[in-house]
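Asks: my questions concern the predicted model and sequence given below.
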Amino acid sequence: MQLSTNHLLGIKELSPQDISLILSTAQQFKEVLQRPVKKVPSLRDITIVNLFYENSTRTRISFELAEKRLGADTINFSASASSVSKGETLLDTVNNILSMKVDMVVMRHSASGAPHFLARHLPGTAIVNAGDGINEHPTQALLDAFSIQERAGSLEGKKVLLVGDIMHSRVALSNIYLLKKMGAEVMLSGPPTLIPVYIKQAFDIRVEYDLKKALEWCDVANILRIQLERQNQVLFSSLREYNLSYGVTSKLLRSIGKEIIIMHPGPINRGVEIDSDVADGTQSIILQQVENGVAVRMAVLYLLAGQTIMM
Ligand code: CP
């Protein structure tokens, strides 16, 4: 089976069959990663550049590890240490890198749509979106879905709550696209100023501003960080007040009288959107999400490389 696309720009562009194919391929790679020898030579002749114009810990390391586990040659590019600081454009930078015979580009950029721009100008190179502005973070949604399936058995019919800064979260948008396509139910919770009306209307999603009621409804709570770096206006009174209304605490979880799965894409702001005893507790699968990210990204790169060879 093959993907219906040559790039991974967003979950928006994927079909349910594409998502299922990525998740089942990731399961096979997860099994490879349990072996003493964790490498397969599937991408031995492929060269991949990791083009990060924005900071990252998990995504960048996870992609690099996935590439190395598949036997690809990898190049890491950091915008702050490059000729971007001398005024070079995104397209010039990428064209220069590609002239050195690079097959795939993994890109994170603060501008929404930057990977789509590259895909339009470089149709013969596979572009993988590692997070673009406030638009999408497709591999995060895929690894979140893989982790839910692993813990809860399936996505179909699962009640998934996204809590927090929906407005500035590319993780939220990718999760909404994916969960809806795969038959899960989605609810949003957070301050009204951080839940845009257009998302509620465009996706026909339930919004519950009372966090306790929202937690009582869900099977899985995916807790999102307040993206202060993307906010240029005051959208809530203080982090202390945010924690009092929307912080997930162990006291709150005990009060709902059932076990739910706790997720967070990271980085965590402990004591703001989630307390430490919840993040590190038995209901949390936060570190499993990170572990699964490598297998999911191996699957994405492997499947796209199949398309690249045919381009
Ligand atoms: N989840 C995530 O994208 O984390 P990083 O910003 O550290 O890559």
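Replies: That came in fine, so what should we check first?
Asks: now do the strands in the chain.
Replies: Applying DSSP state E to the chain gives strands spanning 47-52, 73-78, 104-109, 126-132, 159-163, 185-189, 206-207, 220-223, 261-263.
Asks: weakest of those in terms of mean pLDDT?
Replies: Among the strands of the chain, strand 73-78 carries the lowest mean pLDDT, at a mean of 92.
Asks: got the strands of the chain as TSV, with mean neighbour count and distance to the ligand columns?
Replies: Heads up, the C-betas are built off the backbone N, CA and C, glycines and all. Listed next are the strands of the chain as TSV, based on neighbours: other C-beta atoms under 10 Å; distance: least, C-beta to the nearest ligand atom, whole Å:
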stretch	mean neighbour count	distance to the ligand
strand 47-52	23	9
strand 73-78	16	13
strand 104-109	25	7
strand 126-132	26	6
strand 159-163	24	14
strand 185-189	21	19
strand 206-207	15	24
strand 220-223	25	11
strand 261-263	22	11
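Asks: in a markdown table: those strands, plus distance to residue 38.
Replies: Below are the strands of the chain laid out as a markdown table (distance: least, C-beta to C-beta, whole Å):
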| stretch | distance to residue 38 |
| --- | --- |
| strand 47-52 | 18 |
| strand 73-78 | 16 |
| strand 104-109 | 20 |
| strand 126-132 | 21 |
| strand 159-163 | 30 |
| strand 185-189 | 34 |
| strand 206-207 | 41 |
| strand 220-223 | 28 |
| strand 261-263 | 25 |
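Asks: list the contacts for residue 296?
Replies: Contact analysis of residue 296 by C-beta atoms under 8 Å, 6 or more residues apart in numbering lists 22-23, 26, 139, 142-143, 146.
Asks: again, only this time at 10 Å
Replies: Residue 296 is in contact with 22-23, 25-27, 29-30, 62, 66, 138-147, 289, counting by C-beta atoms under 10 Å, 6 or more residues apart in numbering.
Asks: just the buried residues from those residues, in ChimeraX please.
Replies: Command for ChimeraX that selects the buried part of the contacts of residue 296, burial taken from 16 or more other C-beta atoms under 10 Å:
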select :22,23,25,26,29,30,62,66,138,139,140,141,142,143,144,145,146,147,289
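Asks: which residues does residue 95 contact?
Replies: 89, 118, 121-122.
Asks: could you do residue 121 as well?
Replies: Contacts of residue 121 (C-beta under 10 Å, 6+ apart): 90-91, 94-95, 127.
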